[in-house]
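Visitor: Predicted model follows, preceded by the sequence.
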Number of protein chains: 2
Amino acid sequence: MTDTPHPHYDRHAETLNRALTAITERGYWSAYPESPSPRVYGETAAADGKAAFEAYLGGNFPLDQPTDGKWIATETSPFGVELNVTYPHATADQLVAAASAALPAWRDAGPQTRAGVCLEILARLHKHVFELANAVQFTSGQAFVMAFQAGGAHALDRALEAIAYSYAEMTRHPGTAGWEKAAGKGDPLRMTKTFHVVPRGVGLVIGCNTFPTWNSYPGLFASLVTGNPVVVKPHPRAVLPLAITVRYAREVLAEAGFDPNLVLLAPEAADEKLATTLALHPAVKIVDFTGSTEYGDWLEANARQAAVYTEKAGLNTVVIDSTDDFVGMCRNLGFTLVLYSGQMCTTSQNILIPRDGIDTDQGHKSFDEVAAGIAAAVGKLTADPARGVELTGAIVNDGVLERLDEVTKVGEPVLESRTVEHPAYPGAVVRTPAIVKLDAGDTATYSREWFGPISFAIATDSTAHSLEILRSTVGEKGALTAAVYSTDESVLAATENAAIEVGVHLSANLTGGVFVNQSAAFSDFHGSGANAAANAALTDGAYVANRFRIVQSRRHSS
Amino acid sequence: MTDTPHPHYDRHAETLNRALTAITERGYWSAYPESPSPRVYGETAAADGKAAFEAYLGGNFPLDQPTDGKWIATETSPFGVELNVTYPHATADQLVAAASAALPAWRDAGPQTRAGVCLEILARLHKHVFELANAVQFTSGQAFVMAFQAGGAHALDRALEAIAYSYAEMTRHPGTAGWEKAAGKGDPLRMTKTFHVVPRGVGLVIGCNTFPTWNSYPGLFASLVTGNPVVVKPHPRAVLPLAITVRYAREVLAEAGFDPNLVLLAPEAADEKLATTLALHPAVKIVDFTGSTEYGDWLEANARQAAVYTEKAGLNTVVIDSTDDFVGMCRNLGFTLVLYSGQMCTTSQNILIPRDGIDTDQGHKSFDEVAAGIAAAVGKLTADPARGVELTGAIVNDGVLERLDEVTKVGEPVLESRTVEHPAYPGAVVRTPAIVKLDAGDTATYSREWFGPISFAIATDSTAHSLEILRSTVGEKGALTAAVYSTDESVLAATENAAIEVGVHLSANLTGGVFVNQSAAFSDFHGSGANAAANAALTDGAYVANRFRIVQSRRHSS
């Protein structure tokens, strides 16, 4: 055990301490500015980042790690841009062996050094945030500003948040303690006890297509800072953002005197099932996964040697009872549906509206008027293609297009999806959101997830009926978000009670610049771990506490 | 949500705060005096407790909870005392329905009220600690003083420790937080966020025969204080200690205005498999289990709807390299082997000694001399039946006797087990420990657990070889404890390193009044969760953090 932490610890102690305060307050805080403005990041940052991104295209990605000699390219950009980046491939055994060999020195370095080095990795990534943002944009289909924010600044905030929780957990007990117990008339019994923070083993992070960094960073950094080497298995269609992440992480680790194989990229060839091989490897003791319910459930059931943290699909729901700001409500919901073409795990799908309509500041509105109001807001945001695409981004994969076709057959359209020509990227696949009218009885349709720019205006008998549907659908299938609009405190309270029972985070009466599909690091919890949509929250104590164990030794004090 | 905590919170706030300090310091602290002396507990306490215990015998246990009308009796005392206590039986569905109905009000009462009420339950149990100790003694076979300490005072300390960790985890975030984010030139965005502590569901505690209270209290109180109703399924041979626990818990809950069905007893008829039915019930979301590896592994694999915490079997190991206190070492190990006839999950089984002997303060000792030294210490402690039985207690069940027979066939005896007549309880089954000599090559024999007063003196090629065996056996089968004796700091360091790698708690050079098989609440961790003997520690952050979830709601601030 080294007693003096690496200088990176002192360098970043202030940031760490501020983050430690933030996680106890859960108010507003952010360490990484979310505005890509040149006033914040400098005049050349954007161009430099874009150039760095473009330098990767069509070439071998610079990553000096164990390999079986194969180079693979699996990405297709939703913007129609040719990527053709090739990545060095390795077998599961090569990756796990290299990671395992790196473990002991990292474990013995202790919490402070590990936290310092991890924070230096975040600082390095932040220095390259535009490069990262471009990589996120062109693999996920997010528009640039969103890729910069969610894929860059906010992802770094979530990483820091995970590091802070982990550091708090590792240091809640002292490294050593004296123990003295009176023993009758004799000398007291005196023991010295040492409490070692011991990592579980190799961590595996399985990334997703839509949020390659944001959804991967909490698990990656929570595992790493608690002493576990991490193998990062990106989605085959979104490798570059995580390859860049691994590259700079390895650079910092090596500079700090550690084995860079503490962080490894595991690019997966088509039909290779590398994720599955890795997830079942006996040395892999932690798995973090974002993706389909089917595969998440499979991991939970089969990767039994590991602690498995999953974020899966769900039925995000809005209950509309009444509003004192009809325009604000429609605008707010419209923005949620448009943002990244509804391809967020937090986007609302099921909008429950009483079939007799609702009371608003504009008088009574019929069911159709409410649905039309939301549709109009969507229409306004997407009317101008040039402005619209900066919100919608592009469609991430063909599955979304298939569902957009399929949904035209399940109910009457409130708003039809249009194909939009991207002014800057002619090859981009851009679609505006579809809203379909359903009846509460159409359970089979709305009780499955329609991932993408698809939502349902569902006619219910009453708000009480809407709450029943919230309870039954979210209770069974889970959800990451719920929203309610009501001017009646008793309705708000009843909805909150239902949300507590089915374990879903609730936003009430959002009419301004906060949206149900967005969660702020250090304040909002993302996922509750209390319903089928996720077995954990990113990030809280439970998310980090079991990534390491305490092993003690004791001896008589001299 | 109630804002003012129940008066029990203020009543016990000082104890709770002291416990919260203790878990951050991990030094010596105890809230419940471990001496059963009349000077501590009063002149009549012992007799009153015994009388209260005896009043239960041969009668219907007073427990007013849902029942199917059957009364069952399943206990047989290792002391040969007639118990014949009958308990009201209930079906799994009855128990889970009653528990579920009790949940909402308990959840809504909040962390402070729940902590206060749980501490009042501990105070009530402490008031009845002699009654509890008698129940533990006559069901587990522990001698009285041990039953009083491990089954009474220390069990209460472990319960308080679990409550403290849980309370810290529930209150690390505020109940509500303000969030204010600058928004360009306009007004800042302002939100109020509420963070609800939401229990997982119904908790199930599956008790064991040997430590019905000590091993059950951490899970019981960690689940209860975090808002989960708890169904307590005692071992069929050790029902009474948990029936008494449930009785007083229900009494306190009802007095405090809560549904007593927050804590329910689930006595199990022969071959009923009630534990299995309960563990697979969809509403059961937490399972705490102490017992066999086979059933623990089954629970982990099958009770998939629940968070499962298990303590199972292992191969507790001692590495003897050298000592500067041969007498102290032998006396210390001898006591460990004798205490409760080795029927502790922490008792050493495999004692690894170089076949060429060791250096000691009494000169070189051969392998046989070391083994004989330990055997002599055991012999001395058990020579006088009247004094011996106060350490050994009685044999808990026939399985132990069968293994004592079987072990005579696997190797040369260093010490043969004797049958002892208990001076006070003629029906008691009392046996002294057996020590058998094995060679390092006899892996098949010593790499399984021989639960009971059975240990092996195993001849190895060297201390390095002993450490190899420690790594391989504990690495594969797990262990709750390891010990090392050496005068060489490099050997101590190498053993500590091996212990860290296989995740077992290590005691070095114990020669006085601290024993490897004993762990002190608030200081020693019990179980590491880092090897096959247990998937969790009793108690730490990871043990409690996932027993509840945080569900948030947010709205614009006015």
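Guide: Yep, it's here.

Visitor: Could you point out the longest helix of chain A?
Guide: Of all the segments of type helix in chain A, defined by DSSP state H, the longest one is helix A:92-127.

Visitor: Could you pull up the mean pLDDT of that one?
Guide: Average pLDDT, helix A:92-127: 98.

Visitor: How about the contacts made by A:Pro423?
Guide: A:385-386, A:389 (Cβ atoms under 8 Å, 6 or more residues apart in numbering or on different chains). In short, each C-beta sits where N, CA and C put it, glycine included.

Visitor: Of these, which is the nearest to chain B?
Guide: A:Ala386 (21.4 Å; Cβ to the nearest Cβ).

Visitor: re earlier: list buried residues within the contacts of A:Pro423.
Guide: Neighbour-count burial (16 or more other Cβ atoms under 10 Å in any protein chain shown) applied to those gives A:385, A:389.

Visitor: okay if I get the contacts of A:Pro423 as CSV plus pLDDT?
Guide: Compiled in CSV, the contacts of A:Pro423 are given as follows (pLDDT from 0 to 100):
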residue, pLDDT
A:Pro385, 96
A:Ala386, 96
A:Val389, 98
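
Visitor: and which of the contacts of A:Pro423 is nearest B:Asp324?
Guide: Using Cβ to Cβ, the shortest approach to B:Asp324 within these belongs to A:Val389, at 78.2 Å.

Visitor: Give the closest residue to the closest one in space, chain neighbours not counted.
Guide: In this structure, A:Val389 finds its nearest non-sequential neighbour in A:His422, 5.2 Å apart by Cβ to Cβ, 6 or more residues apart in numbering or on different chains.

Visitor: The one you found sits in which helix or strand?
Guide: For A:His422, there is no host helix or strand (DSSP states H and E).

Visitor: wait, it sits on A:Arg431?
Guide: No - assessed by Cβ atoms under 8 Å, A:His422 is found out of contact with A:Arg431, at 10.9 Å.

Visitor: Check the burial of A:Arg554 by counting its neighbours.
Guide: 26 (other Cβ atoms under 10 Å in any protein chain shown).

Visitor: One more: A:Phe61?
Guide: 19.

Visitor: Relative to chain B, how far out is it?
Guide: Going from A:Phe61 to chain B by Cβ to the nearest Cβ, to the nearest Å gives 34 Å.

Visitor: quick one: pLDDT of that residue?
Guide: Value for A:Phe61, per-residue pLDDT: 98.

Visitor: Repeat that for A:Ala19.
Guide: 98.

Visitor: Next up, the contacts around it.
Guide: Here A:Ala19 is in contact with A:29, A:31, A:160-161, A:163-164, A:522 (criterion: Cβ under 8 Å, 6+ apart).

Visitor: What is the nearest of those to A:Ala459?
Guide: A:Phe522 (39.1 Å).

Visitor: tell me the centre residue of chain A?
Guide: Of all residues in chain A, the one closest to the mean position by Cα atoms, centre = their mean is A:Asn215, 2.6 Å from it.

Visitor: can you pull the contacts of that one?
Guide: A:207-208, A:290, A:311, A:538.

Visitor: Put together a markdown table for those, with distance to chain B and pLDDT on each row.
Guide: Listed next are the contacts of A:Asn215 as a markdown table, based on distance: Cβ to the nearest Cβ, whole Å; pLDDT from 0 to 100:
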| residue | distance to chain B | pLDDT |
| --- | --- | --- |
| A:Gly207 | 24 | 98 |
| A:Cys208 | 22 | 97 |
| A:Thr290 | 18 | 97 |
| A:Glu311 | 14 | 97 |
| A:Leu538 | 12 | 93 |
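
Visitor: Which secondary structure state does the residue nearest to the centre of chain A sit in?
Guide: coil (DSSP: H, G, I helix; E, B strand; the rest coil).

Visitor: Let me know the pLDDT of it.
Guide: pLDDT, read off for A:Asn215, is 98.

Visitor: From the chain's centroid, how far away is the longest strand seen in chain A?
Guide: Ordering each strand of chain A by length in residues (DSSP state E) puts strand A:189-199 first. The chain centre lies 36 Å from the centre of strand A:189-199; the measure is Cα atoms, centre = their mean, to the nearest Å.

Visitor: what's the answer for stretch A:134-144, then?
Guide: Centroid separation for stretch A:134-144 versus its chain: 15 Å, with Cα atoms, centre = their mean.

Visitor: pLDDT averaged over it, what's the number?
Guide: 98.

Visitor: hmm, stretch A:361-371 in reach of chain B?
Guide: No - for stretch A:361-371, no contact with chain B is found by Cβ under 8 Å from any Cβ of the partner chain; the gap never falls below 15.3 Å.

Visitor: Give the other helices and strands that the very next helix or strand once past the longest helix of chain A contacts.
Guide: For helix A:92-127, the succeeding helix or strand toward the C-terminus, using DSSP H and E, is helix A:129-140. Under the contact definition 3 or more Cβ pairs under 8 Å, 6 or more residues apart in numbering or on different chains; DSSP states H and E, helix A:129-140 sits against helix A:45-56, helix A:144-148, helix A:240-255.

Visitor: Tell me which of the ones you listed lies nearest to chain B.
Guide: Between the helices and strands packed on helix A:129-140, helix A:144-148 lies closest to chain B; by Cβ to the nearest Cβ that is 13.9 Å.

Visitor: still on that earlier bit, CA atoms only for the next helix or strand after the longest strand of chain A, dumped as CSV, please.
Guide: Next along the chain after strand A:189-199, taking DSSP H and E as the criterion, comes strand A:202-206. Extracted in CSV, the C-alpha atoms of strand A:202-206 (Å, rounded to 0.1, in the frame of the first residue of the first chain):
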residue,chain,number,x,y,z
VAL,A,202,-12.7,-7.2,-13.9
GLY,A,203,-15.5,-4.8,-14.8
LEU,A,204,-17.3,-4.9,-18.1
VAL,A,205,-19.2,-2.0,-19.6
ILE,A,206,-21.5,-2.7,-22.5
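
Visitor: So A:Arg114 is in contact with A:Gly227, correct?
Guide: Yes - with contact defined as Cβ under 8 Å, A:Arg114 reaches A:Gly227; the gap is 6.5 Å.

Visitor: Pretty sure A:His556 sits against B:Asn509.
Guide: Yes - A:His556 is within contact range of B:Asn509, at 6.5 Å (criterion: Cβ under 8 Å).
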